[in-house]
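> Here's my sequence, what's the structure:
(chains A and B)
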Amino acid sequence: MSEDFFSRGFRGRRQKSEFSGRLPPGQYLERGFPVLSAGPTPHTPLANWDFSIVGEVDQPKRWSWDEFHALPRETITKDIHCVTKWSKLDTHWEGVSLDTLLAQVTSAASYVIAFSNGGYTTNLPLEEVTGGKAWVVDTYEGQPLEPQHGGPARLLVPTFTSGRAPSGFEACAWSTRTNRASGSRWATTITVTHGKKNAIGATELADR
Amino acid sequence: MERRTLLGRLSWQIGEVVATRPETVRAKSITLDLPGWMGHRAGQHVDVRLTAEDGYQAERSYSIASPPEEAPCVTLTVERLDDGEVSPYLTEELRIGDKLELRGPIGGYFVWEASMGGPLLLVAGGSGIVPLMAMLRHRAAVGSTVSTRLLYSSRSLEDVIYRDELDQLMKSSTMLEVVQTLTRAQPPGWMGYSRRIDTQMLREVAWPVDQRPLTFICGPTPFVETGAASLVELGHEPGRIKTERFGPTGEA
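Model prediction:
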């Protein structure tokens, strides 16, 4: 607002220098793991879990939990920065790269839409989630990912503010068409699976 | 039109502190006069931004405690976290006449308006009462008769935020019931619950499943997890249970 506004008497608790360079302006270092969700946490039995890629693809693909686990896995160490201002440094995850998953379908699409089992969706340009930038992860700090953090599996896109990556998601679709009329990047052609509920609050945050 | 509204709530604006009020030893209400306020709905929150003289900034989100009917005044209730950066400033340093920078309102999901009806079940853990109090104040301000139950968990009687006002609200509306649980210390003769919320407590307090209550739960993450999971276990529709969590997992 005004350039020279300051809060009388506020000094602030500066971050320790060893971390300060890794925190974007306004973010604070969080040692716990806050939960961002808008309803009861879905508990998806592994026997019912699946992950699929549908939409503008030559042949839709679907993986059961066991099939998903047979895919080549990667370990990921990343800093995550949530839109609600907390950051966690050096988080360790394991999962399957979207490069690996998307290599199993043929498409000319340029966007992906991820659908979570709570009905939350997010739309990301393909270039933002390929080339080692996004994973479907099921393990956090060596343990199975807890339901309240999106377990059994969630999308991890560290380059995006984490509130935008849906947790507990079941399907991933993509499209070449975007909804130009409204000026948004949301694709218009997708009808895919959805489930119970989760993370609608993340939609609000993504709107900010 | 929509664009202007969006920019309006995303722009930082400066309010002046016109009143402060200690609610408990750790919680304080701060009332701001915001001439540019575009209105809000009960349950929404704001971002508050503090700026040091050298430009260093810290930003946090706080729920709005006041009802829409009090605009352009907006009241926040802030609980001091001992290791916090922003809450100690807001609760101990900030005083009447100071300016505070904020933006909002934010959030379109965890909101209740009288027109949404009920019956309403509000479940609060600690300072999770704040956005639910905005709902109760809105309900009172518009003279709503929506059947409402509040289950409010605090550590002790001294930690109960809005204690007198809740009593008043309950006396002035026969359609409002307030049920409290004190988890750590209870005064002599305490008639309420004396334990953390659980399925049995919600079975006793929540509306029957066939009345399809609209539920709002706000509190620390483990509290909300327990409350929401218990209600689902009792047969309530997940789609009618809205939650707002704060703090990391595993926090007491």
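
> So residue A:106 versus residue A:123, what's the distance?
Distance of residue A:106 to residue A:123, computed by Cβ to Cβ, to the nearest Å: 21 Å. All C-beta spots, glycine's among them, are computed from the backbone N, C-alpha and C.

> Then residue B:96?
According to Cβ to Cβ, residue B:96 and residue A:123 sit 46 Å apart.

> So what touches the biggest strand by length in chain A?
For chain A, the strand with the greatest residue count under DSSP state E is strand A:86-97. Defining contact as Cβ atoms under 8 Å, 6 or more residues apart in numbering or on different chains, one finds that strand A:86-97 is touched by A:19, A:22-24, A:27-31, A:33-34, A:68, A:71-81, A:132, A:134-142, A:153, A:156.

> Which one of residue A:106 and residue A:123 is surrounded by more residues?
residue A:123 (20 against 10; other Cβ atoms under 10 Å in any protein chain shown).

> quick one, helices of chain B?
With DSSP state H, the ranges of helices along chain B come out as B:2-10, B:87-88, B:129-141, B:163-172, B:199-205, B:221-233.

> Next, see if the last one gets close to chain A.
When you say that, I think you mean helix B:221-233. Yes - if you take Cβ under 8 Å from any Cβ of the partner chain as the test, helix B:221-233 does meet chain A, through B:221, B:225, B:228-229, B:231-232.

> How many neighbouring residues does the residue in chain A positioned nearest to chain B have?
In chain A, the residue that lies nearest chain B is residue A:32 (2.2 Å; Cβ to the nearest Cβ). By the criterion of other Cβ under 10 Å, residue A:32 has 13 neighbours.

> Same check on residue A:86?
Residues near residue A:86, counting by other Cβ under 10 Å, number 21.

> if I look at it, how far off is residue B:127?
Distance from residue A:86 to residue B:127, by Cβ to Cβ: 18 Å.

> got it, and residue A:13?
21 Å.

> which one of those two has more residues nearby?
Higher neighbour count among residue A:13 and residue B:127: residue B:127, with 27 against 14, using other Cβ under 10 Å.

> Now the more buried one: closest residue in space, sequence neighbours ignored.
The shortest distance from residue B:127 to any non-neighbouring residue, by Cβ to Cβ, 6 or more residues apart in numbering or on different chains, is to residue B:79 (4.1 Å).

> Look up how far residue B:87 lies from that neighbour.
In terms of Cβ to Cβ, residue B:79 sits 7 Å off from residue B:87.

> Make a ChimeraX selection of the buried ones in the contacts of strand A:86-97.
Remark: buried members of the contacts of strand A:86-97, expressed as a ChimeraX selection using 16 or more other Cβ atoms under 10 Å in any protein chain shown:
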select /A:23,27,28,30,33,34,68,71,73,76,78,80,81,134,135,136,137,138,139,140,153,156
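
> that older thread, residue contacts, the residue nearest to residue B:127?
Contacts of residue B:79 (Cβ under 8 Å, 6+ apart): B:26-27, B:87, B:91, B:126-127.

> By neighbours, which of those residues wins?
Neighbour counts for these peak at residue B:127, which has 27 neighbours (criterion: other Cβ under 10 Å).

> what separates it from chain A, distance-wise?
Using Cβ to the nearest Cβ, to the nearest Å, residue B:127 is found at 15 Å from chain A.

> ok, now residue B:244?
Distance from residue B:244 to chain A, by Cβ to the nearest Cβ: 8 Å.

> Who are the contact partners of the nearest residue in space to that residue that is not next to it in sequence?
Leaving aside its sequence neighbours, residue B:244 sits nearest to residue B:218 (Cβ to Cβ, 6+ apart; 4.3 Å). Counting by Cβ under 8 Å, 6+ apart, residue B:218 touches B:63, B:110, B:123-125, B:128-132, B:224, B:243-246.

> Can you go through those and name the buried ones?
By 16+ other Cβ under 10 Å, these give B:63, B:110, B:123-125, B:128-132, B:224, B:243-246 as buried.

> was I right about residue A:153 contacting residue A:140?
No - contact between residue A:153 and residue A:140 fails when scored by Cβ atoms under 8 Å: they sit 10.7 Å apart.

> now the strands: where do they sit in the stretch 151-252 of chain B?
Here the stretch 151-252 of chain B has its strands, by DSSP state E, counting those that start in this stretch, at B:176-182, B:214-220, B:241-246.

> now for the shortest one, which elements pack on it?
Read it as strand B:241-246. Contacts defined by 3 or more Cβ pairs under 8 Å, 6 or more residues apart in numbering or on different chains; DSSP states H and E place strand B:241-246 against strand B:214-220, helix B:221-233.

> list the buried ones in the last one?
Buried residues in helix B:221-233, defined by neighbour count with 16+ other Cβ under 10 Å: B:221-232.

> Out of these, which comes closest to chain A?
residue B:228 (3.8 Å).

> Spatially nearest residue to that closest one (excluding sequence neighbours)?
residue A:40 (3.8 Å).

> what's the answer for residue B:212, then?
residue B:240 (6.3 Å).

> and if you look at residue B:99?
Nearest non-adjacent residue to residue B:99, counting by Cβ to Cβ, 6+ apart: residue B:14, 5.1 Å away.

> do you know how far the one you found is from residue B:94?
Distance from residue B:14 to residue B:94, counting by Cβ to Cβ: 13 Å.

> who touches both of those two?
residue B:100.

> more neighbours, these two?
Comparing residue B:14 with residue B:94 by other Cβ under 10 Å, the one with more neighbours is residue B:94, at 21 against 15.

> Next, the contact list for the more buried one, please.
By Cβ under 8 Å, 6+ apart, the neighbours of residue B:94 are A:9, B:17, B:20, B:30, B:100.

> and if we set it to 10 Å?
By Cβ atoms under 10 Å, 6 or more residues apart in numbering or on different chains, residue B:94 lies in contact with A:7-10, B:17, B:20, B:28, B:30, B:50, B:78, B:100.

> Export these to JSON lines and append columns for pLDDT.
Formatted as JSON lines, the contacts of residue B:94 follow (pLDDT from 0 to 100):
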{"residue": "A:7", "pLDDT": "94"}
{"residue": "A:8", "pLDDT": "93"}
{"residue": "A:9", "pLDDT": "91"}
{"residue": "A:10", "pLDDT": "92"}
{"residue": "B:17", "pLDDT": "98"}
{"residue": "B:20", "pLDDT": "97"}
{"residue": "B:28", "pLDDT": "97"}
{"residue": "B:30", "pLDDT": "98"}
{"residue": "B:50", "pLDDT": "95"}
{"residue": "B:78", "pLDDT": "96"}
{"residue": "B:100", "pLDDT": "97"}
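
> Sounds good, over and out.
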